[in-house]
Every structure is written in structure tokens, then in C-alpha cells.
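how would this look folded up:
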Amino acid sequence: MTENVENYGTRKKIRCSVCQKVVNSVEQVYCKCRCGIIYCPAHRFPGALNTDCTHKCDYDFKVTERNKLREFNPRIIVDKVPGRV
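Model (predicted):
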């Protein structure tokens, strides 16, 4: 019983990786980047025009989206000789 009382409220708070702001539970889900790091709402977008309010992301978005397109839109090859079964 005393173990629960001693550890009450000592849970580590999750913070933004750029500005060290405490991130609440909704922002943890909403502002998690695809690179796996949690950011505050001001720093959640990677590489926008204003570099002060963004993070440098190592995740390659182009390759991921190209792979999704290949997977969901397979190439269809039609037989060029008509009448062949």
C-alpha cells in the first residue's frame, strides 16, 4: 500500500523535443510525427517555410507515398493479341 502512495504523481511528463513544452495526452496522439517523435502543435510540421516553428524530420515521405501508390494501384497489362484465350 505504501508503494502506491510513494509513486503517486511521479510519472514522467512527455515534452516536445524542440522546445521542451509539456505535451498533454491529446497532443501526444495528434502531434506525433511519422518519424516517431512527439512535438507540440507549434513544431509538429516538418520543414515548412518558417524553420523556427518546425522540426527537421528524417522520415522520407516521398518513398512511403510512392510505395503506397504501387501497392494500391497495381499495373494492369492487357493482352495485345485479340482472340487469344
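
How about Lys32, nearest residue that isn't a chain neighbour?
Ile38 (5.2 Å; Cβ to Cβ, 6 or more residues apart in numbering). For every residue, glycine as well, the C-beta is placed using N, CA and C.

show me what contacts the one you found?
14, 16-17, 23, 27-28, 31-32 (Cβ atoms under 8 Å, 6 or more residues apart in numbering).

The residues you listed, buried ones only, as a ChimeraX selection?
Buried subset of the contacts of Ile38, written as a ChimeraX selection, criterion 16 or more other Cβ atoms under 10 Å:
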select :16,23,27,31
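
Looking at the contacts of Ile38, which are in helices?
Using DSSP state H, the members of these that fall in helices are 27-28.

still on that earlier bit, okay, the residue nearest to Lys32: pLDDT?
If you check Ile38, the pLDDT there is 83.

What about it? Give its phi and psi, please.
phi -90, psi 130 (degrees, to the nearest 10).

which residues touch the residue most central in space within the chain?
Centre of the chain computed as the mean C-alpha position; nearest residue by Cα atoms, centre = their mean is Arg34, 2.0 Å away. Going by Cβ under 8 Å, 6+ apart, Arg34 touches 57, 59, 61, 64.

Count the residues that sit near His43.
A count of nearby residues for His43, using other Cβ atoms under 10 Å, gives 20.

From Thr64, how far off is the closest residue to it other than its chain neighbours?
Nearest residue to His43, sequence neighbours excluded (Cβ to Cβ, 6+ apart): Val18, at 4.4 Å. Remark: distance between Val18 and Thr64 (Cβ to Cβ, to the nearest Å) = 23 Å.
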